[in-house]
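S.K.: build the 3D model from these lines:
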Amino acid sequence: MMAQISDPFNNTLKINASVITIGDELLIGQVIDTNSAWIAQELNKTGIWLRRRVSVGDNKEEIIRALDEESRDTPIILITGGLGPTADDITKPVLCEYFGASLVINGEALANVKAIFEKLNHPLIERNLKQAEVPDKCTVIPNKRGTAPGMWFEKEGKIFVSMPGVPHEMKGMMTDYVIPHLQQYFTFPFIDHRTLLTFGIGESFLAETIKGWESQLPDHLKLAYLPNYGMVRLRITGSDSNSSRLQETLNSQFGKLKTLVAEWLVAAEDTTLSQVIGKMLQKGKQTLSTAESCTGGYIAHLITSVAGSSAWYKGSVVSYANEAKENILGVQRSTLVSAGAVSEDTVKEMVRGVIAKMNTDYAVATSGIMGPDGGTAQKPVGTVWIAAGSRNNIITAQFNFRHNRARNIEMTAYYALNLLRKLMVEEGILLK
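M.R.: Modelled structure (predicted):
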């Protein structure tokens with residue numbers, strides 16, 4: 001059976017889907033729902049547009065209501081959660097009631113459960129064996145990463161797929177089974193994106209800058225603003241039944257957008273500031289170290305989150321106390337006394353010290369007052385000095401952030417990385 005649903009952007013074919021996540025732990029915030037975001041990304045690559053995400057608790061009436069409401073609007077309903085072996089996992093019996101089915105033992109699922117417990121050398125109890133029970137009106141989806149099988153139902157031209165809430169188990173089912181079978185079932189439009197990253201311009205000012213261009217975008221292209229920590233991602237999404245035509249239109253409009261935001265453009269791709277720094281350093285065959293006071297290692301965390309960063313990042317000195325600044329980085333005591341730890345002179349000396357200590361080509365240093373206490377009239381909470389330097393040059397910047405402690409730390413880290421990026425651009429290290 002092949003199905004088509006009309007309308008992503010009111011003029012092309014579009015397949016919509018809904019995600020229903022089940023579990024009281026999601027509603028009370030005990031567990032963060034990361035499944036929906038991942039599912040949305042994977043569906044979008046395939047040409048399926050996620051119309052709605054719904055979370056419900058472990059309540060039969062709420063689950064049935066969600067199934068009814070989502071199936072009225074979308075042909076694909078993906079369900080995660082509630083398939084475990086405990087009493088609060090009620091998804092299977094509710095699906096039995098919804099589809100008029102009875103629970104039966106599935107031989108393949110039973111063999112999988114037994115094999116897993118034998119491999120782990122764990123005792124197998126009746127509660128575990130019940131994981132192999134499935135509604136007799138579903139197609140069983142093998143679980144290669146756990147004990148709870150997935151279930152595929154079809155009803156009145158709609159697809160219902162139930163999967164475990166454990167992320168790596170769900171991802172395996174989506175990749176190996178669900179998406180390939182959906183591709184056989186539906187005819188999809190082509191969906192593609194172009195994304196760029198800006199830094200140093202607010203969302204509203206950015207929107208004002210590009211409003212003329214945005215107003216003339218074709219109906220099948222949509223622009224999204226994704227702000228975060230001084231950065232704004234701009235993403236153009238397009239949908240078309242003709243792939244070549246879509247690529248041509250996207251490339252043309254993306255070229256115009258890059259020209260309009262050139263002053264603030266960090267990268268013309270969907271990337272992070274840390275990844276950009278890494279690419280620039282690798283291109284110049286350069287290395288980096290960090291000297292952190294107020295950020296307490298957060299910049300190092302952002303950097304080492306990038307796979308392969310060991311090729312260009314040597315390490316960090318978290319010189320939180322003045323003694324560490326003086327004894328490890330060589331900051332002069334007279335500087336700390338006369339200018340203070342939160343000063344331009346101090347972060348400059350921190351940069352020089354960590355470059356010498358780590359033997360790197362570049363370094364970045366931070367010192368500030370993150371709050372909620374510790375500020376003065378001259379240096380209130382949120383006062384930050386940042387230095388980025390090479391062996392031949394150091395640039396500095398002062399900022400006055402007005403957020404809570406956690407956000408001040410994060411803002412400082414991102415602004416430090418961007419200051420480093422600016423220095424490298426000044427010194428001729430460009431991505432392209």
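S.K.: and the helices in the stretch 251-400 of the chain?
M.R.: Applying DSSP state H, counting those that start in this stretch to the stretch 251-400 of the chain gives helices spanning 273-283, 298-304, 322-327, 333-338, 344-358.
S.K.: which parts of the last one are buried?
M.R.: For helix 344-358, a neighbour-count test (16 or more other Cβ atoms under 10 Å) marks 344-355, 357-358 as buried. Backbone N, C-alpha and C define where each C-beta goes, glycine included.
S.K.: returning to that earlier point: the helices of the stretch 251-400 of the chain: which one's closest to residue 34?
M.R.: helix 298-304 (19.0 Å; Cβ to Cβ).
S.K.: could you say which helix or strand holds the closest residue to residue 261 other than its chain neighbours?
M.R.: The shortest distance from residue 261 to any non-neighbouring residue, by Cβ to Cβ, 6 or more residues apart in numbering, is to residue 198 (5.5 Å). Following DSSP states H and E, one finds residue 198 within strand 190-199.
S.K.: that strand: partners in the sheet, and parallel or antiparallel?
M.R.: Paired neighbours of strand 190-199 in the sheet (DSSP bridges): strand 231-240 (antiparallel), strand 265-267 (antiparallel).
S.K.: could you dump those to TSV with mean pLDDT?
M.R.: As requested, these are exported to TSV (pLDDT from 0 to 100):
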stretch	mean pLDDT
strand 231-240	93
strand 265-267	97
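S.K.: tell me the spacing between residue 355 and residue 430.
M.R.: For residue 355, the distance to residue 430 (Cβ to Cβ, to the nearest Å) stands at 22 Å.
S.K.: what's the pLDDT at the closest residue in space to residue 326 that isn't next to it in sequence?
M.R.: In space, and not counting its chain neighbours, residue 326 is closest to residue 333: 5.7 Å by Cβ to Cβ, 6+ apart. Looking at residue 333, its pLDDT reads 97.
S.K.: then residue 129?
M.R.: Residue 129 is given a pLDDT of 86.
S.K.: now do the contacts for it.
M.R.: 110, 113 (Cβ atoms under 8 Å, 6 or more residues apart in numbering).
S.K.: which helix or which strand is home to it?
M.R.: Assigned by DSSP H and E, residue 129 falls in helix 126-129.
S.K.: following that helix, which helix or strand shows up next?
M.R.: strand 133-135.
S.K.: packing partners of that next one?
M.R.: Counting contacts by 3 or more Cβ pairs under 8 Å, 6 or more residues apart in numbering; DSSP states H and E, strand 133-135 packs against helix 91-99, strand 103-105, strand 150-155.
S.K.: ok, which of those comes nearest residue 37?
M.R.: Among the helices and strands packed on strand 133-135, strand 150-155 sits nearest to residue 37 (Cβ to Cβ), with 19.3 Å.
S.K.: partner strands of the closest one, parallel or antiparallel?
M.R.: strand 139-141 (antiparallel), strand 158-163 (antiparallel).
S.K.: domain-wise, how is the chain divided?
M.R.: 15-185, 190-267, 273-426 (automatic domain parsing).
S.K.: what's the spacing between the closest residue to residue 226 other than its chain neighbours and residue 223?
M.R.: By the measure of Cβ to Cβ, 6+ apart, the closest residue to residue 226 outside its immediate chain neighbours is residue 233, 3.9 Å from it. As judged by Cβ to Cβ, residue 233 and residue 223 stand 11 Å apart.
S.K.: pLDDT score assigned to residue 5?
M.R.: pLDDT, residue 5: 38.
S.K.: what's the answer for residue 10, then?
M.R.: 39.
S.K.: residues in contact with residue 409?
M.R.: Here residue 409 is in contact with 294-296, 298, 370 (Cβ under 8 Å, 6+ apart).
S.K.: now the residues you listed as TSV including pLDDT, distance to residue 420 and neighbour count?
M.R.: Shown next, in TSV, are the contacts of residue 409 (pLDDT from 0 to 100; distance: Cβ to Cβ, whole Å; neighbours: other Cβ atoms under 10 Å):
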residue	pLDDT	distance to residue 420	neighbour count
294	98	16	24
295	98	13	30
296	97	18	16
298	98	14	21
370	97	20	25
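S.K.: could you identify the most distant pair in the residues you listed?
M.R.: It's 298 and 370 that sit farthest apart of the contacts of residue 409, by Cβ to Cβ, at 10.4 Å.
S.K.: shared neighbours of these two, which are they?
M.R.: By Cβ under 8 Å, 6+ apart, the residues touching both residue 298 and residue 370 are 409, 412.
S.K.: out of the helices and strands in the protein, which is least certain?
M.R.: helix 126-129 (a mean of 85; mean pLDDT, DSSP states H and E).
S.K.: quick one: that helix to chain centroid distance?
M.R.: 36 Å (Cα atoms, centre = their mean, to the nearest Å).
S.K.: right, I'll leave it there.
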